[in-house]
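K.L.:
just need the structure, nothing else, for what follows:
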Amino acid sequence: MTAVDEGAHFERDFYLQEFRGRTLGIACPAGLLRDADPLAAVVQVLARNDTQVIVISSRRDRLAAAVGDRILPASTGQLETAVWRALRQSSRLGILAGGRRPFTEQIREVALRLGLFKLVWIDPQGGMRASHGERLSFVHQDELRQLLSQPRRIGRERVALLRAVDRLLTGGIQAVNVCTLTGLREELFTYPGSGTLFTRKRYIAVRDLGLDDFDAAYDLISRGVEEGYLAPRPARAIDQILVSGFGAFVEGSHLAGIGALLPYPEIRAGEIASLYTLTRFLGEGVGQHLVRYALRQARALRFRSIFACTTQERVAAFFERQGFEPISPDELPARKWRRYDQRRRRRVQCYRRELPVRRRRKAPAPE
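P.N.:
Predicted structure coming up:
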């Protein structure tokens, strides 16, 4: 297995663990299901994972090609309990939307009635894009409403979809993914995704990594090395990163970025190491949250400074924005450069941020 294959394996397992034992909905217009194979393949992976999958569409034959013959009309009386009983027999189920009501309204009603934890909405245009054309990978509800305030820019069809997404989030659905059918697998099982993930609020919590986070963190480190952002490290050094590491989690479960503070007690300093954030969450200020966490750790340890090294101009600019100043690599401890790749060393840029020294209060003089 190559490093890329291994990374993809870790990513898929991370999401499958999140989905296991839960009910996930996928809404797909019948016109997009002429070839149901991409959807059927994803449904099969989820079903094998003990994830209950409900696919909503408007043609029985195309639903059957994706989920089999267990299909309930959306108009079924007491739909909630009918779905519950059907899922006790099979982990995959189709819900047939019909009648004259708009498909968008029926999707919203079914998802809210069933209380799905996540709904994936298949749309021919895929996820949303910014005005300059870049994909919006992650959008919280406040940003969604800003988009809706500019209906001319996003078009009538997209307005209807986004209004439905807004109502779904308000109604209690934790997350709504919008992507193309061909991008479904990538959207569900990879960190970058292929579409747009909508959530109720911007929520990023940074905490120390725990054992259950190590697989995902190791994968991010491997990805950062492959992309050239992180320096390659031997296994023992990676272990130190994991033990000393912390992660930024979006909505409590999506590991959006990692970092570690490695101590250099001989100079009362710490190094921010293996700082890496997923492209999907760049707009959420994940890197800044991670640096702030490292600063709090450094102050608690009474360090005089923290430093960081990079070969990437974009990362160098990021550290300067966080108040770091460039220094010579020779100003850092010699052990930092032991077994360090010399070709990388010639390109590396180093930055340091001094920390205010907390003076201990003098005891009051006796009277």
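K.L.:
low-scoring stretches of the protein, by residue?
P.N.:
Low-confidence segments of the chain, defined by pLDDT under 70, span residues 1-10, 132, 202-203, 251-252, 280-284, 357-367.
K.L.:
need the next SSE after the longest strand belonging to it, C-terminal direction.
P.N.:
Assignment by DSSP state E gives strand 254-264 as the longest strand of the chain. Next helix or strand after strand 254-264 toward the C-terminus (DSSP states H and E): strand 269-277.
K.L.:
following that following strand, which helix or strand comes up?
P.N.:
helix 286-300.
K.L.:
what's the angle from the helix or strand following that next one to helix 286-300?
P.N.:
Downstream of helix 286-300, the first helix or strand assigned by DSSP H and E is strand 305-310. Interaxial angle of strand 305-310 relative to helix 286-300 (axes from the mean of the first three to the mean of the last three CA atoms, to 10 degrees): 150 degrees.
K.L.:
specify the beta-bridge partners of the residue positioned nearest the centre of the chain.
P.N.:
In the chain, the centroid-proximal residue (CA atoms, centre = their mean) is His254; its distance is 4.4 Å. Beta bridges link His254 to Val250 when assigned by DSSP bridges.
K.L.:
from Gly193, how far out is it?
P.N.:
As judged by CB to CB, to the nearest Å, His254 and Gly193 stand 10 Å apart. Yep, even glycine has a C-beta here, placed from its N, CA and C like the rest.
K.L.:
the residue lying closest to Thr277 once chain neighbours are set aside - how many residues pack around it?
P.N.:
Excluding the flanking residues, the one nearest Thr277 by CB to CB, 6 or more residues apart in numbering is Gly257, at 3.5 Å. Per other CB atoms under 10 Å, the neighbour tally for Gly257 reads 27.
K.L.:
does anything pack onto the longest strand of the chain? Which helices or strands?
P.N.:
Where contact means 3 or more CB pairs under 8 Å, 6 or more residues apart in numbering; DSSP states H and E, strand 254-264 is packed against helix 214-226, helix 235-244, strand 245-250, strand 269-277, helix 286-300.
K.L.:
could you dump the shortest one to CSV, C-alpha only?
P.N.:
Provided in CSV are the C-alpha atoms of strand 245-250 (Å, rounded to 0.1, in the frame of the first residue of the first chain):
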residue,chain,number,x,y,z
GLY,A,245,0.0,17.3,19.9
PHE,A,246,-3.3,19.1,19.9
GLY,A,247,-6.0,19.4,17.3
ALA,A,248,-8.6,21.8,16.1
PHE,A,249,-12.0,20.1,15.8
VAL,A,250,-14.9,21.6,13.9
